[in-house]
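Student: The amino acid sequence is not available; the structure is as follows:
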């Protein structure tokens, strides 16, 4: 409790979502599963955390999305056929995010880190899952 930081925990959970999508895409993609993760939009209150972590988003202007804009990336991720060729991708603003210009963090796209998280998850739930 004394060292818990809600914004750090939020960032860790977002990274875990990205890494699990990569693992699912690798393990179940050959069977037809498409797994993606996404950035839903800007949420107030994250600026200080981004600045503390050195993320450029902490110094950029906040742009709040409308409800339609906010759901667009979810709909794109659920239905767009081009995602079959981008399995495991991170989505932003209803497209596959560009890691050079958008909020894709390298630690959330590493296949090595994805596998480490997968193995840790198996250990924590006490079950190994085999996909071949």
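Tutor: It's in. Since the model is a prediction, treat every value here as computed from it, not as a measurement.

Student: where exactly do the strands run in this structure?
Tutor: 37-39, 90-92, 95-96 (DSSP state E).

Student: Now do the second one: which elements does it pack against?
Tutor: Which is strand 90-92. strand 37-39, helix 67-79 (3 or more Cβ pairs under 8 Å, 6 or more residues apart in numbering; DSSP states H and E). No exception for glycine: its C-beta is placed from N, CA and C like everyone else's.

Student: Turn the ones you listed into CSV, including mean pLDDT.
Tutor: As requested, those are exported to CSV (pLDDT from 0 to 100):
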stretch, mean pLDDT
strand 37-39, 92
helix 67-79, 91
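
Student: re the thing from before, redo the strands of the chain as JSON lines? Include distance to residue 120.
Tutor: Formatted as JSON lines, these follow (distance: least, Cβ to Cβ, whole Å):
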{"stretch": "strand 37-39", "distance to residue 120": "18"}
{"stretch": "strand 90-92", "distance to residue 120": "20"}
{"stretch": "strand 95-96", "distance to residue 120": "27"}
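
Student: now residue 110, nearest residue through space, not along the chain?
Tutor: Spatially, and ignoring its direct neighbours in sequence, residue 110 is nearest to residue 19 (7.6 Å; Cβ to Cβ, 6 or more residues apart in numbering).

Student: whoops, I mixed them up, residue 75
Tutor: Closest to residue 75 by Cβ to Cβ, 6+ apart is residue 94, at 7.6 Å.

Student: so that neighbour touches residue 74, yeah?
Tutor: No - between residue 94 and residue 74 there is no contact under Cβ atoms under 8 Å: 9.0 Å.

Student: one step back: out of the helices and strands packed on strand 90-92, indicate the one that is most buried.
Tutor: The highest mean neighbour count among the helices and strands packed on strand 90-92, using mean count of other Cβ atoms under 10 Å, belongs to strand 37-39: a mean of 20.
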